[in-house]
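Sequence first, predicted coordinates after that:
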Amino acid sequence: MPVLLRRRCPPNAPRHLLLFVLLLAPGLAQADGGDGFSVRNIVEEVHDENPTLARDHALILGQREAYLQLMQRLTASADWPRLPRLDDATLQDLVQDVGIDQEKMSSVRLLVTLSVRFKPEAVRHLLRAYGIAYAEWRGHPLVLIPLWQNDQAAVYAESANPWRDLWRGGAARGLVPVLVPSADALDGLTAAALTTPDEGQLAELSQLLASPDILVVLAQTSKNEQGQNKLDLTLTGFGPLAAQMTGQRGYGGDTGDTGDQLLQRAASDLARSLDDSWKSANLLHYDKQGSLLTLAPLKGLEDWLQLRDKLARATAVRDYAVVSLSTREASLDLHYVGEQGQLESVLMQNGLVLSWEDGHWTLRNAGARTR
């Protein structure tokens with residue numbers, strides 16, 4: 001069972017010891033990973049005869065590595081040289097909790113795998129203070145269908161599929177959440193049909209699985225003339241993000257990696273490519289600001305409360321003023337950062353549609369009918 005470590009603040013206690021152990025309820029670790037402010041699979045090795053000091057050292061090293069991965073996940077590579085360098089005390093102020101997923105200890109060696117969750121608002125505040133643009137977690141998951149080419153045929157869930165198992169086990173997490181559907185959710189589509197899917201099939205899957213993006217990835221291993229492992233991916237995407245991934249990718253052949261190592265490399269590379277494509281259009285630049293007067297149709301108090309919650313989650317919305325409010329309509333002056341197109345995208349991610357209707361901007365729940 002994973003262990004979750006949270007920080008406490010007893011007076012005069014050393015900061016690196018401000019932790020206590022809380023058993024994590026089964027399933028929570030998996031459910032908790034669904035946002036861009038969690039970093040998993042941090043592996044640290046520490047040599048020390050004192051197990052307590054070894055664990056403390058591993059926790060500090062793990063948080064440093066997680067911080068670096070998080071910053072690089074959220075920001076453009078051009079800004080990485082400007083990322084703030086933090087001392088351990090300041091870094092721990094950003095950390096919400098640390099989970100020990102695996103731990104192996106001998107008399108002089110500790111090998112530990114960690115998960116680190118950061119406080120979203122504290123991270124945002126830090127990046128704004130340094131004037132660094134960043135992208136937020138994409139709310140809608142991308143549906144990934146990992147096919148595996150064995151000696152006989154392409155398979156999904158019909159037989160062993162290590163490529164699918166890797167993704168279902170949380171191979172890579174980033175700004176773009178990835179959903180691997182069950183075989184039953186594919187509406188009868190077989191692996192054979194999905195190796196060469198047409199646009200109509202993927203469009204139907206997009207509607208069925210309620211995701212704007214479907215990405216089919218066929219993985220096939222082989223060996224080169226020197227006997228080294230190779231991995232080839234064939235990607236077919238549907239949707240604004242997944243379509244950018246369509247094409248071929250190859251790994252190995254000159255690295256000496258095992259088959260499992262190549263699969264892990266490919267998963268990490270693909271997740272990073274998804275994040276980079278998402279960031280290219282969704283970096284929030286706080287030096288660009290605007291305001292927009294909108295009308296939001298309402299059906300009562302519950303609609304208004306839901307609208308407020310969704311606006312609070314839309315990170316591009318810096319603030320808003322209520323111009324007028326009735327049981328049927330709210331007039332809001334939205335103050336936002338970035339470009340208006342980014343505002344529309346962030347609102348959509350949170351279930352709101354901004355559109356021009358009858359000479360004014362209207363803010364509606366996604367799926368609601370226009371007049």
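Everything's here; your move. Numbering: from 1, shown residues only.

what about residue 359, neighbour count?
Close neighbours of residue 359, defined as other C-beta atoms under 10 Å, add up to 5. (Glycine included, C-beta is placed from N, CA and C.)

what does residue 141 give?
18.

which ones are touching it?
176, 177, 178, 179, 211 (C-beta atoms under 8 Å, 6 or more residues apart in numbering).

Any chance of CSV for those residues, columns neighbour count, distance to residue 360 and secondary structure?
Formatted as CSV, the contacts of residue 141 follow (neighbours: other C-beta atoms under 10 Å; distance: C-beta to C-beta, whole Å; DSSP: H, G, I helix; E, B strand; the rest coil):
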residue, neighbour count, distance to residue 360, secondary structure
176, 25, 33, coil
177, 18, 34, coil
178, 22, 38, strand
179, 18, 36, strand
211, 21, 31, coil
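
of all these, which comes closest to residue 270?
residue 178 (9.0 Å; C-beta to C-beta).

State the distance from the closest one to residue 263.
Residue 178 is 15 Å from residue 263, where distance means C-beta to C-beta, to the nearest Å.

Domains of this protein: list them as residue ranges, please.
Following automatic domain parsing, one gets these domains for the chain: 3-129, 142-281, 289-365.

closest to residue 135 out of these?
Of those, nearest to residue 135 by C-beta to C-beta is domain 142-281, at 4.3 Å.

Check the offset of the closest one from the chain's centre.
17 Å (C-alpha atoms, centre = their mean, to the nearest Å).

Ok, stretch 317-336 next?
30 Å.

in that stretch, what's buried?
317, 318, 320, 330, 332, 334, 336 (16 or more other C-beta atoms under 10 Å).

hmm, back to that, so which of the domains of the chain comes closest to residue 136?
domain 289-365 (4.9 Å).

show me where pLDDT drops low in the protein?
1-35, 171-172, 367-371 (pLDDT under 70).

What segments of it are helices?
28-32, 51-74, 88-94, 120-129, 162-168, 191-194, 199-208, 259-282, 301-313, 340-349 (DSSP state H).

who wins for proximity to residue 111 among the ones you listed?
Using C-beta to C-beta, the helices of the chain put helix 51-74 closest to residue 111, at 8.7 Å.

quick one: that closest one to helix 120-129, angle?
60 degrees (axes from the mean of the first three to the mean of the last three C-alpha atoms, to 10 degrees).

Restricting to C-alpha, output helix 51-74 in CSV.
This file holds the C-alpha atoms of helix 51-74, laid out as CSV (Å, rounded to 0.1, in the frame of the first residue of the first chain):
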residue,chain,number,x,y,z
PRO,A,51,17.6,4.6,7.5
THR,A,52,15.9,7.7,8.9
LEU,A,53,18.6,10.0,7.4
ALA,A,54,18.5,8.0,4.1
ARG,A,55,14.7,8.5,3.8
ASP,A,56,14.9,12.2,4.7
HIS,A,57,17.6,12.7,2.0
ALA,A,58,15.6,10.8,-0.6
LEU,A,59,12.6,12.9,0.1
ILE,A,60,14.5,16.1,-0.4
LEU,A,61,16.2,14.8,-3.6
GLY,A,62,12.8,13.6,-4.9
GLN,A,63,11.1,17.0,-4.3
ARG,A,64,13.9,18.8,-6.1
GLU,A,65,13.6,16.4,-9.1
ALA,A,66,9.8,16.7,-9.1
TYR,A,67,10.0,20.5,-9.0
LEU,A,68,12.3,20.5,-12.1
GLN,A,69,10.0,18.1,-14.0
LEU,A,70,6.9,20.2,-13.0
MET,A,71,8.4,23.5,-14.1
GLN,A,72,9.5,22.0,-17.5
ARG,A,73,6.1,20.5,-17.9
LEU,A,74,4.3,23.8,-17.4
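
what angle separates that helix from helix 259-282?
Using the same axes, to 10 degrees: helix 51-74 against helix 259-282 is 50 degrees.

name the helices or strands packed onto helix 51-74?
strand 38-47, helix 88-94, strand 95-105, strand 109-118, helix 120-129 (3 or more C-beta pairs under 8 Å, 6 or more residues apart in numbering; DSSP states H and E).

hang on, the earlier thing: which one of the contacts of residue 141 is nearest residue 185?
Of the contacts of residue 141, the one sitting nearest to residue 185 (C-beta to C-beta) turns out to be residue 179, at 9.5 Å.

got the contact list for the closest one?
Contact analysis of residue 179 by C-beta under 8 Å, 6+ apart lists 141, 142, 143, 144, 209, 211.
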